[in-house]
Every structure is written in structure tokens, then in C-alpha cells.
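[1] fold the following, please.
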Amino acid sequence: MTPAASEATQVHGLAYLPTPVDLDRLFREESGRILASLIALVGDFDRAEEAMQEAFTVAAERWPREGVPATPRAWIVGTARHKALDRLRRERIFAGKAALLKDEEAVNAPDPDGAPEGLPDDRLRLVFTCSHPALALEARVALTLHTLGGLSTPEIARAFLVPESTLAQRLVRAKRKIRDAGIPYRVPGRAELPERLDGVLATLYLIFNEGYAATGGNALVRRDLSAEAIRLARLVVELLPGERDARGLLALMLLTDARREARVDGRGDLVLLEEQDRRLWDRAAIAEGMALLPGALSGSPPGPYAVEAAIAALHARAASPSETDWRQIAALYGTLHRVRPSPVVALNRAVAVAMSAGPEAGLPLVEELERSGALAGYHLLPAAKADLLRRLGRHAEAAESYRAALALAGNGSERRFLSRRLEEEEVAFSAPLAAP
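    Alright, predicted model coming up:
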């Protein structure tokens, strides 16, 4: 704590003086929980979002002068509640909307820290509302990432590889649809749960992926998003213990997230899987994921999340990179492509083929994808091609592909990694050949 902060504590009895970064971090880490609480209160996405923004604006004005309250999130929620109430009154629709608000005691009550007793909590209700089948899948995911994940429109647009204007319109239409269709803010009854599950799982998986490999910013890993996705997946498994896809997704998240600490170095730069210190892998998470696998893989054909979890398990079992069973991983990607075909799965299979049979075997598969145009704008396609060319010693072509990947990458950690590799290939290309 700085001397100034210490003085603030003595004068105001408060924790410390905030910086803009503190508010940014609070928004990043807590906006999803705050918004879920406010939507539960006012029953409207836009009103809840406006109230939260107003509360953060007030915090930016007052906290530097008065200090940060002991429970910042509760302060934001309480202030936003009052802002929402004031707004309704100003718009002279308070009488009509009063039923949507709790009584004054509820408005003034501190926000509960964490889920109430039993299931579900506000965030799980929000996930099911955002994943309602009346909404297109793209809209469900975008809305959930925006409201629960706190991602900005540009960040989500990069994740979907769509223009920001398209994504913004998608969000507006989704919120309007929820309002106009009267989609309830609740977890559906048990009879409805299975048919609603696919959308919820797809949403949680994308949130997890954004946390595990952020599309923007300087940090590669956003632990808050990954942790939130895992927490919500646990709730879904608890709600639906017999659903193998839910178990498969939770297993996949745990087995993948177990590698999180080894994915970046001390500077926050990307560390490739084959270069990671496996002693940093979370063995407890691996054990939990492994325990979920048998139930997830039951039935035929296996679910896509279970197949991905099985791939992650093969990585987790390998004591060293050389002991990785790439042949089986390539076969599992083939299975995954039959169960849920996508160009990203095809790219991952091409990389696995290259690792098991050599880069000369994987490169044609990558080039075929490139010619199809299916992954245009996806930086990992030229990055994968560059790596295979590098392994083949075709340094000039590798450098060209690294430049293409660098032009598309949005994350700072990945950009630094690609820049280093580009420099290495440029040096290798320009180095004089050894005399025979």
C-alpha cells in the first residue's frame, strides 16, 4: 500500500485510493455478476446495462476522492439499483414497472456475495435466458459474452471474425427479441432442460475459450472468464447429472485449463505446448477431468466435447512432448470432424497429422484449407502453416506466413510470439549457406 493510500485508510476508514486500472479490473472481473443481479432486479437488459454504466461513472468520480468502499461490487450494485429506480421514475413509468422492482429494502440491501442457497443463481439464469432457442446461436453466444463475460463489442467481433457493426446489430436484435418476445429470466423446468442444453454448452465453451486464449488485449489468458465458464458448467452438471455432453464439456474445460499456468512465461508471452514446463500443470484438475471422461464417452457416437476431452487427456497423460500419442490424437480429430465438422477441427487434425507423420504430411492439408477460404481472417491458419514450413527448413516461405499471421492476430501475447518467430525465420533465411 502506498503512503497516500495509507493516509486514505486513516482518514476515511477505506481500503485504498483507486486508479483507473482498478475500475477497469473491477469491470472486467465483476460486470457479469453485477449485470446478472441487475437484470434480475429490473427485468430488462438495456436498463440494467445503463444503470451499471452510470454506477461505474459515479465510482470513477467519487472513489479517487473518497476511497474505495470495503465491498466495491456491492457498492456498484447498490448504486446501480438506485440509478435504475431513478430512471424509471423520471420516465414516468414507475407505476407500471414497480412490479419489476423489489421493495425498498431489497433496493438498499447489499448485494449477496456469491450464489444464494441452492440452485440456480442469477448468472445461471442469465445463461439460460441468453441461450433461449428463439435466438440465433450467434446471438446467444454474443449476448452471453457481452453480458456475463463483460467483453466489448470489438472483442466479440474479433472472436467471431465479423465486422463490429454486424456484431453490434446482432446484440441489439438479441436484446430486442428477449424484450418483445417476453423471454423469461429463469432456468427452464427439468422437462425443457435437455433441449435447451446445446445452446448453453456452446455458449459456455466459447466463454471458456475466450478466457483460455483471449482474442484481444495484452494478456493471453483471462482467468476470470475461464473460471466463470467452469463454475457455470459445474452448475449445469449438477442440474443435469445424466447429460453426457455436459460432463464432456466440464471434463474438456478442466483438462485444458490444467495447462494454464504453463501457457505463458514470466513476461506473459505464449509458451507452446511442446515447450511447457509440465510440472506446472494442475494435477488436481487433470484428475477431476479424467474422472468425468468415462461417463462423458458413454454412448455411440461420442459427443464432440467428450472427443475433445479425450484429446486433452492424451496430452495430459504424456510425461514429455516426445511421449505424446499424436497418431491417436489425429485419429480422434478425424472422429471429431465426423461428429461436428468445422474448418477449425480440420486445421487441428492437419497439425496432429504433421506431428505424427511429419510436416510434409500435414502441410498439404493446411494448404487445402487455405485454398478453400473457409478460415480467411483466422490467424492460426497462417501461423500453423508457418510452423510447418519452419520445421521443413523453408524459411523464406515461413517468414511470409508469419507476417500473414501477425497481420491478423489481435492478442498482444500472440503477436509478440509471432514477431519473435518471424525474426528467427528472417535471420535463418538471410544467413549465408555453409561452405560444402
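[2] same question for stretch 342-354, mean pLDDT?
    For stretch 342-354, the per-residue pLDDT values average out at 96.
[3] how far out from the middle of the chain is that stretch?
    How far stretch 342-354 lies from its chain's middle: 21 Å, per Cα atoms, centre = their mean, to the nearest Å.
[4] got the contact list for Phe56?
    The contact partners of Phe56, taken as Cβ atoms under 8 Å, 6 or more residues apart in numbering, are Leu23, Phe27, Ile76. C-betas here are computed from N, CA, C, even on glycine.
[5] tell me what the helix or strand hosting Val77 is packed against?
    Here Val77, judged by DSSP states H and E, is contained in helix 72-90. Helices and strands in packing contact with helix 72-90 are listed as helix 20-42, helix 45-66, helix 94-97, helix 104-108; criterion 3 or more Cβ pairs under 8 Å, 6 or more residues apart in numbering; DSSP states H and E.
[6] relative to helix 45-66, how tilted is the first one?
    It refers to helix 20-42. 140 degrees (axes from the mean of the first three to the mean of the last three Cα atoms, to 10 degrees).
[7] what residues sit buried inside helix 20-42?
    Of the residues in helix 20-42, 22-23, 26-42 count as buried by neighbour count, 16 or more other Cβ atoms under 10 Å.
[8] for the stretch 151-300 of the chain, which spans come out with low pLDDT?
    159-161, 215-219 (pLDDT under 70).
[9] and the strands in it?
    Applying DSSP state E, counting those that start in this stretch to the stretch 151-300 of the chain gives no strands.
[10] OK, contacts around Lys385?
    Leu363, Val366, Glu367, Glu370, Ser401.
[11] now which of those would you call buried?
    For the contacts of Lys385, buried by 16+ other Cβ under 10 Å: Leu363, Val366, Glu370, Ser401.
[12] identify the residue spatially nearest to the first one, adjacent ones excluded.
    Think Leu363. Sequence neighbours aside, Leu388 is the residue nearest to Leu363 in space, at 4.7 Å (criterion: Cβ to Cβ, 6 or more residues apart in numbering).
[13] how close does that neighbour sit to Pro359?
    4 Å (Cβ to Cβ, to the nearest Å).
[14] between those two, which has more neighbouring residues?
    With neighbours defined as other Cβ atoms under 10 Å, Leu388 and Pro359 compare such that Leu388 has more, 26 against 19.
[15] looking at this, the more buried one is in a helix?
    Yes - counting by DSSP: H, G, I helix; E, B strand; the rest coil, Leu388 is found in a helix.
[16] enumerate every residue touching it.
    Val351, Ala354, Pro359, Gly362, Leu363, Val366.
[17] that older thread, to Gln276, which of the helices and strands packed on helix 72-90 lies closest?
    Gln276 lies closest to helix 20-42 among these, at 25.7 Å (Cβ to Cβ).
[18] right, I'll call it a day here.
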